[in-house]
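Colleague: Please find the sequence and the predicted model below.
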Amino acid sequence: MYELDLYFICILITTGFLAGVINTMAGGGSNLTIPALMVLGLPADIANATNRVSVLLQSLTAAKGFKKHGKLDIPDLKMIIITTLVGGIAGAVLASYLPNEYLKPTLLIAMIVMAAVILFKPSVISPPEGTIPNTVLGSKQSIPMLLLAGFYGGFVQAGVGFILIAAIAGSLRYDLVRANALKIVCTAAFTLIALIIFVFRDQVMWGPGLTLAVGSMIGAHLAVKITINISPKTLKWFLFIMTICASLAAIYA
């Protein structure tokens with residue numbers, strides 16, 4: 001049984017802050033928060049469920065920030081969310097029937113492919129300045145890519161931010177800032193559904209989850225300001241570094 005004393009409150013808020021920054025600008029922040037919750041004494045499944053409280057609240061905070069700065073005024077937003085959610089439901093159903101040992105190799109392969117794309121074909125996730133974005137129905141490759149990203153999110157969840165960025169920037173040709181904003185909204189949609197299920201199954205520990213969320217919301221708020229002000233090149237390299245970190249986490253976890 002966990003004991004939420006001042007020491008662990010500080011750990012959770014600090015870890016949440018770092019994860020909020022990382023998740024908003026790239027992805028992979030759960031590689032920090034889930035172990036922190038497990039250190040607190042929560043079993044892996046409870047830590048995974050409790051972490052979704054933080055992910056949801058940081059996503060809503062970041063989405064509000066991106067919208068305030070005019071980076072989320074996207075007419076095709078509903079279609080993007082619906083398409084990724086359809087894939088997410090299919091992935092979640094498959095994950096419920098397959099053994100957990102399939103999840104780690106899938107995560108590792110996805111992260112390695114993502115790192116290779118950023119390094120060797122950066123135009124996929126970073127369209128040239130002035131590129132006019134596509135609509136979901138106006139791009140032949142957008143629906144399968146968004147479905148695949150959603151499927152991955154439902155199947156593995158970890159690192160889904162990287163895959164969503166690749167799908168959104170690669171098929172719809174949004175710049176990295178707007179792709180990040182769309183990624184955040186899609187993540188919020190995934191997480192809300194997952195959190196409802198976890199709450200129904202009584203797997204969420206609200207004390208640690210909300211404590212973690214305090215730090216992550218502050219981190220997300222700061223990260224939005226950083227993201228809209230740094231250069232696309234810097235943001236791309238930050239994304240690459242976080243992808244490598246996620247790959248290492250998948251190898252040694």
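Modeller: In hand now; what should we look at?
Colleague: buried residues in stretch 41-52?
Modeller: 42, 46-52 (16 or more other CB atoms under 10 Å). In short, each C-beta sits where N, CA and C put it, glycine included.
Colleague: Contacts for stretch 35-45 next, please.
Modeller: With contacts defined as CB atoms under 8 Å, 6 or more residues apart in numbering, stretch 35-45 is touched by 1-4, 8, 11-12, 15, 34, 46-47, 50-51, 203, 205, 208, 212.
Colleague: Please apply the same query to stretch 11-22.
Modeller: Contacts of stretch 11-22 (CB under 8 Å, 6+ apart): 28-30, 32-33, 36-37, 39-40, 54, 58, 61-62, 208, 211-223, 226, 242.
Colleague: on that earlier part again, out of the contacts of stretch 35-45, which are buried?
Modeller: Taking 16+ other CB under 10 Å as the criterion, what is buried in these is 2, 8, 11-12, 15, 34, 46-47, 50-51, 203, 205, 208, 212.
Colleague: how about TSV for these, with pLDDT added?
Modeller: TSV is the format used below for the buried ones among the contacts of stretch 35-45 (pLDDT from 0 to 100):
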residue	pLDDT
2	60
8	88
11	91
12	94
15	94
34	86
46	85
47	85
50	90
51	91
203	87
205	93
208	94
212	96
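Colleague: Which ones among the contacts of stretch 35-45 lie within helices?
Modeller: 8, 11-12, 15, 34, 46-47, 50-51, 208, 212 (DSSP state H).
Colleague: from the residues you listed, which is closest to residue 185?
Modeller: Closest to residue 185 out of the ones in helices among the contacts of stretch 35-45 is residue 51 (18.9 Å), distances taken as CB to CB.
Colleague: so how far is residue 219 from that closest one?
Modeller: 14 Å (CB to CB, to the nearest Å).
Colleague: Repeat that for residue 174.
Modeller: For residue 174, the distance to residue 219 - CB to CB - is 23 Å.
Colleague: So the two - more neighbours on which side?
Modeller: More crowded of residue 174 and residue 219, by other CB atoms under 10 Å: residue 219, with 28 against 25.
Colleague: Just the pLDDT at the more buried one, thanks.
Modeller: The pLDDT attached to residue 219 in the predicted structure is 97.
Colleague: can you check residue 162 too?
Modeller: 85.
Colleague: That one: neighbour count?
Modeller: 29.
Colleague: ok, and for the host helix or strand of residue 110, which residues are buried?
Modeller: In this assignment (DSSP states H and E), residue 110 forms part of helix 103-120. Using 16+ other CB under 10 Å as the test for burial, helix 103-120 gives 103, 106-108, 110-112, 114-115, 117-118.
Colleague: Which residue in those residues has the weakest pLDDT?
Modeller: When the buried residues of helix 103-120 are compared by pLDDT, residue 103 scores lowest at 67.
Colleague: ok, of the buried residues of helix 103-120, which one's closest to residue 149?
Modeller: For those, the residue nearest residue 149 by CB to CB is residue 110; the value is 9.9 Å.
Colleague: Burial check on residue 142, number of neighbours?
Modeller: Neighbour tally, residue 142, other CB under 10 Å: 23.
Colleague: actually residue 197, not the one I wrote
Modeller: Residue 197: 12 surrounding residues under other CB under 10 Å.
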